[in-house]
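# let me see the structure of the following:
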Amino acid sequence: MTTPTWTTIQADLRDEILTLTLNRPERLNAFDRVMHRELGEAIGHGATAAGIRVIVLTGAGRAFSAGGDMSAAPPDAGDFAAEAEDARRIVFGMLDCDRPIVCRMNGDAIGLGATIALLSDVVVATEDARLADPHVRAGLVAGDGGALIWPLICGVMKAKYYLLTGDMMRATEAERLGLITRVVAKDGLDRETARIVSMLRANAPLALKWTKRAINAHIDATGRAIFEMSLAHEGLTIMSSDHLEFRAAFREKRTPVFTGR
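Sure thing, here's the model as predicted:
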């Protein structure tokens, strides 16, 4: 089967390993609407196409992903409904994917970028990388999966701190909290990623598939309802005056003034 081509996702299939690279380095791989849609398509392809044993997610340039692209126009209700469907394809696509997904976190993972990293089965990050979900600082709910996955990995109290403050952590702290699997020096990222991918590729595919399903059953028990609720609440905040104020402040390079509207 021929590997599809996308405009914002670079796909490379080699030795049964599909590498998907977020490819907007000039925007620190921030998600515009095209990349949001294309990542869901790419994950769906990686989950179903023949000849793939492991999926690797990484970013082009110096960041993994800076999250949502705030330079784009805010979505209207119709746009958000389409984006919500894309968000479902990404989140549930990663959780339901029977193949192991390894995040090669080559730099900062912020917002949706952090969610994608945390939804992966293994995360290998460089020691200078940072992790954060600052939706609240943009007047938004972390509805794209952050409110789902952070509490499950690092516990409710730590998740509340990081999601309610938007504070950023170093990769070493993320590893200590269990959010990241391995932290390595920058020059060791490819070597450690390749080592883990090689181990996964050598294991029995059926055993990998059903082990991942068994582990993700912890998420499925309540995760889909949590995701749908948080996504709906994000839709409400996208239409809020506070979020529009954040976008104006972002353009004008000033501190936003939130009013709770």
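
# buried residues in the longest helix anywhere in the chain, which are they?
The longest helix of the chain (DSSP state H) is helix 77-96. Residues of helix 77-96 classed as buried by neighbour count (16 or more other Cβ atoms under 10 Å): 80, 83-84, 86-95. Every residue, glycine included, has its C-beta placed from N, CA and C.

# now the helix or strand following that helix: how far from the chain's centre is it?
Later in the chain than helix 77-96, the nearest helix or strand by DSSP states H and E is strand 101-105. How far strand 101-105 lies from its chain's middle: 10 Å, per Cα atoms, centre = their mean, to the nearest Å.

# I'd like the mean pLDDT over strand 101-105, please.
Over the span of strand 101-105, the pLDDT mean works out to 98.

# what packs against that strand?
Applying 3 or more Cβ pairs under 8 Å, 6 or more residues apart in numbering; DSSP states H and E, one finds that strand 101-105 contacts strand 54-59, helix 112-119, strand 122-126, helix 189-202.

# let's see 7 Å
Other elements packing on strand 101-105 under the criterion 3 or more Cβ pairs under 7 Å, 6 or more residues apart in numbering; DSSP states H and E are strand 54-59, strand 122-126, helix 189-202.

# could the ones you listed go into TSV alongside mean neighbour count and mean pLDDT?
Below are the helices and strands packed on strand 101-105 laid out as TSV (neighbours: other Cβ atoms under 10 Å; pLDDT from 0 to 100):
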stretch	mean neighbour count	mean pLDDT
strand 54-59	25	98
strand 122-126	26	98
helix 189-202	16	98
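
# among these, which is nearest A217?
strand 122-126 (18.6 Å; Cβ to Cβ).

# what pairs with that closest one, parallel or antiparallel?
strand 101-105 (parallel), strand 182-184 (parallel) (DSSP bridges).
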